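Asks: next input, structure requested:
(one chain, ligands or ions: 2)
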Amino acid sequence: MSDKKATLTIDGMDEAVELPIYSGTIGPDVVDVGSLTGKGMFTYDPGFVSTASCESQITYIDGGKGVLLHRGYPIEQLAEHSDYLETCYLLLYGELPTKEQKDKFVSTVTNHTMVHEQLAHFFNGFRRDSHPMAIMCGVVGALSAFYHDSLDISDEQHRQVAAFRLIAKMPTLAAMSYKFSIGQPFMYPDNSMGYAENFLHMMFGVPCEKSNISPVLADAMDKIFLLHADHEQNASTSTVRLAGSSGANPFACIAAGIAALWGPSHGGANEAVLDMLQEIGDVSRIDEFVARAKDKNDPFRLMGFGHRVYKNFDPRAKVMKKAADEVLAELGLENDPLLAIAKRLEEIALEDEYFIEKKLYPNVDFYSGIILKAIGIPTSMFTVIFAVGRTIGWIAHWHEMISGSYRIGRPRQLYTGHDKRDFVPLEDR
Ligand SMILES: CC(=O)SCCNC(=O)CCNC(=O)[C@H](O)C(C)(C)COP(=O)(O)OP(=O)(O)OC[C@H]1O[C@@H](n2cnc3c(N)ncnc32)[C@H](O)[C@@H]1OP(=O)(O)O
Ligand SMILES: O=C([O-])CC(=O)C(=O)O
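Replies: Numbering: from 1, shown residues only. Ligands and ions are numbered 1, 2, ... in the order given. Modelled structure (predicted):
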């Protein structure tokens, strides 16, 4: 506890109160204002380390044991036996679909893959060298301007159509943002293809040729979408819920989630991991980077390591590592130097006292970039692909909140600024 005092103003109180500021602790400091106002407690919990913001039935994580369940099903089993759209159904509706339900869901989503032709004009307003995430923040929010039959959040039918549209259109918009950056014409979706195959067709196809997407690449892409599908109240999902709690429309909420995902501490880490592996360049240089990561005076961190919730292996990282081995072997890239650096880095980190003590293990972003690179995806698209996969998680949480009872999210603060003071005229300052 520090000696500093915070001035805390509380609804219904005429005067501010001075309270101690607690610092350097992990976890909440409960500031008892009950005796002053009769209104209960404030919990001071920067970073929301110990604050549950909602109840949810969608995803369970045991960070100590490295367990991740979607609607009760372990992620390892879903990654092995399910596919992305089936997992979307599970997250959204709570149960695995029957064959008939699955076919209907896939067909409904597939019918929504096109975007309004007018949306294509938005892209021309961006610079060609814009980061695709910058474009995604804009064009996904812009969907609200086109689909008026999905904006009434009090109408279950509107909410369902918004969900279908978002799942279906995210790959289309993602691929458009890439095509725009390389100056190629946009590709229309081919609805005879599966979800991931269609995405790769829109990314790499050209109008004058029939796309021939390798099933190995399509399966790897589908697995990456599935492994990113949901992760309970992470920063972007919490952003979506907070935006949604004000009654904002679903497209605006998902745009807010995309913005929050972009940061390198969150979804942006997959791009940063590959940049880091490329910068390391050779296994002989790993020690230098590990030393930098441990140096308190160096802001460098080992990207793809550490997690707010997992204090053990992220189970998705294990699946991702196995998938990287399989995909690279099938493509004849098993000697990829980046894979070798990643594996050696993991070995070193797992033996190092610093990483052991801080419980820093590889997270979902650590191996995904190696697979994406092998598929031919440029690094600038990595976080966009995370966003495509995470869209269902955002929608499922938004839908769960809107369908139940909720109120506007409105955290409080500990005010640490000036006491009341009188305005000083310009000539006297
Ligand atoms: C999809 C996802 O969002 S998964 C996360 C993706 N992000 C990354 O991979 C970026 C690298 N990792 C990190 O920056 C962090 O581990 C986060 C953001 C994921 C978690 O952050 P927090 O839970 O707030 O942990 P915090 O930042 O307080 O770190 C705890 C300690 O471990 C250290 N640490 C955390 N991650 C790392 C890392 N990757 N490399 C080196 N040291 C690290 C911190 O310096 C801190 O040390 P200290 O206690 O001596 O100050
Ligand atoms: O849960 C988190 O804090 C980060 C996240 O989204 C993930 O790991 O998929």
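Asks: can you map out the strands along the stretch 51-200 of the chain?
Replies: Applying DSSP state E, counting those that start in this stretch to the stretch 51-200 of the chain gives strands spanning 59-62, 67-70, 73-74.
Asks: of the ones you listed, which approaches ligand 2 most closely?
Replies: Taking Cβ to the nearest ligand atom, strand 59-62 is the member of those nearest to ligand 2, at 7.5 Å. C-beta here means a position set from N, CA and C on the backbone, and glycine is covered the same way.
Asks: in the closest one, what's buried?
Replies: Neighbour counts using 16 or more other Cβ atoms under 10 Å place 59, 61 of strand 59-62 among the buried residues.
Asks: neighbouring strands of that strand in the sheet, and parallel or not?
Replies: According to DSSP bridges, strand 59-62 has the following sheet partners: strand 67-70 (antiparallel).
Asks: need the residues that contact the partner strand.
Replies: 58-61, 74-75, 78, 87, 90-91, 229-231, 314-316 (Cβ atoms under 8 Å, 6 or more residues apart in numbering).
Asks: for it, output the C-alpha coordinates as PDB.
Replies: Extracted C-alpha coordinates of strand 67-70, given in PDB (Å, rounded to 0.1, in the frame of the first residue of the first chain):
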ATOM      1  CA  VAL A  67      -8.400 -26.800 -19.800                       C
ATOM      2  CA  LEU A  68     -10.700 -25.100 -22.400                       C
ATOM      3  CA  LEU A  69     -14.200 -26.300 -22.900                       C
ATOM      4  CA  HIS A  70     -16.800 -24.900 -25.300                       C
END
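Asks: that one vs ligand 2: in contact?
Replies: No - when contact is scored as Cβ under 6 Å from any ligand atom, no part of strand 67-70 falls within range of ligand 2; the minimum is 9.0 Å.
Asks: touching ligand 1 at all, that strand?
Replies: No - among the residues of strand 67-70, none lie within reach of ligand 1 under Cβ under 6 Å from any ligand atom; the closest is 12.1 Å away.
Asks: list the buried ones in that strand?
Replies: 68, 69, 70.
Asks: neighbours around residue 77, how many?
Replies: 11 (other Cβ atoms under 10 Å).
Asks: do the same with residue 134
Replies: 15.
Asks: so what's it up against?
Replies: Residues in contact with residue 134 (Cβ under 8 Å, 6+ apart) are residue 126.
Asks: now distance to residue 201 and pLDDT too, for the buried residues of strand 67-70, in CSV please.
Replies: CSV is the format used below for the buried residues of strand 67-70 (distance: Cβ to Cβ, whole Å; pLDDT from 0 to 100):
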residue, distance to residue 201, pLDDT
68, 30, 98
69, 33, 98
70, 27, 98
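Asks: the residue in the stretch 151-300 of the chain positioned nearest to ligand 1 and residue 126, how far apart?
Replies: Taking Cβ to the nearest ligand atom, ligand 1 has its nearest neighbour within the stretch 151-300 of the chain at residue 269, 3.5 Å off. Separation of residue 269 from residue 126 (Cβ to Cβ, to the nearest Å) stands at 24 Å.
Asks: now swap in residue 352 and tell me
Replies: Residue 352 is 43 Å from residue 126, by Cβ to Cβ.
Asks: ok, now residue 136?
Replies: Here residue 136 is placed at a distance of 11 Å from residue 126 (Cβ to Cβ).
Asks: which of the two has more residues huddled nearby?
Replies: It is residue 136, of residue 136 and residue 126, that has more neighbours when counted by other Cβ under 10 Å, with 25 against 17.
Asks: for the closest residue to the more buried one other than its chain neighbours, pull up the helix or strand it's in.
Replies: The shortest distance from residue 136 to any non-neighbouring residue, by Cβ to Cβ, 6 or more residues apart in numbering, is to residue 258 (5.3 Å). In this structure, residue 258 sits in helix 250-261 according to DSSP states H and E.
Asks: so which other helices or strands are in contact with that helix?
Replies: The helices and strands touching helix 250-261, judged by 3 or more Cβ pairs under 8 Å, 6 or more residues apart in numbering; DSSP states H and E, are helix 132-142, helix 156-181, helix 235-245, helix 382-403.
Asks: looking at those, which is nearest to residue 207?
Replies: Of all the helices and strands packed on helix 250-261, helix 156-181 sits nearest to residue 207, with 10.7 Å by Cβ to Cβ.
Asks: which helix or strand in the protein has the lowest average pLDDT?
Replies: helix 34-37 (a mean of 45; mean pLDDT, DSSP states H and E).
Asks: and the closest residue to ligand 1 within the stretch 201-350 of the chain, how many neighbours?
Replies: Relative to ligand 1, the nearest point of the stretch 201-350 of the chain is residue 306 (2.3 Å; Cβ to the nearest ligand atom). For residue 306, the count of nearby residues is 21 (other Cβ under 10 Å).
Asks: just give the nearest non-adjacent residue to it, would you?
Replies: residue 360 is the one closest to residue 306 (Cβ to Cβ, 6+ apart), at 4.4 Å.
Asks: assign that neighbour to helix, strand or coil.
Replies: Judged by DSSP: H, G, I helix; E, B strand; the rest coil, the three-state class of residue 360 is coil.
Asks: likewise residue 367?
Replies: Quick answer, by three-state DSSP: residue 367 is helix.
Asks: now do the nearest residue to it once chain neighbours are set aside against residue 388, distance only.
Replies: Of all residues not flanking residue 367 in the chain, residue 320 sits nearest, at 4.0 Å (Cβ to Cβ, 6+ apart). With distances taken as Cβ to Cβ, residue 320 is found 16 Å from residue 388.
Asks: re the thing from before, what's the burial count for the residue lying closest to the residue of the stretch 151-300 of the chain closest to ligand 1 once chain neighbours are set aside?
Replies: Nearest residue to residue 269, sequence neighbours excluded (Cβ to Cβ, 6+ apart): residue 365, at 4.1 Å. Using other Cβ under 10 Å, residue 365 has 29 neighbouring residues.
Asks: shouldn't residue 365 be in contact with residue 304?
Replies: Yes - between residue 365 and residue 304 there is a contact under Cβ atoms under 8 Å: 4.7 Å.
Asks: what is in contact with these two at once?
Replies: Shared contacts of residue 365 and residue 304 (Cβ under 8 Å, 6+ apart): 269, 270, 273.
Asks: in CSV, list these along with neighbour count and secondary structure.
Replies: Formatted as CSV, these follow (neighbours: other Cβ atoms under 10 Å; DSSP: H, G, I helix; E, B strand; the rest coil):
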residue, neighbour count, secondary structure
269, 26, helix
270, 29, helix
273, 28, helix
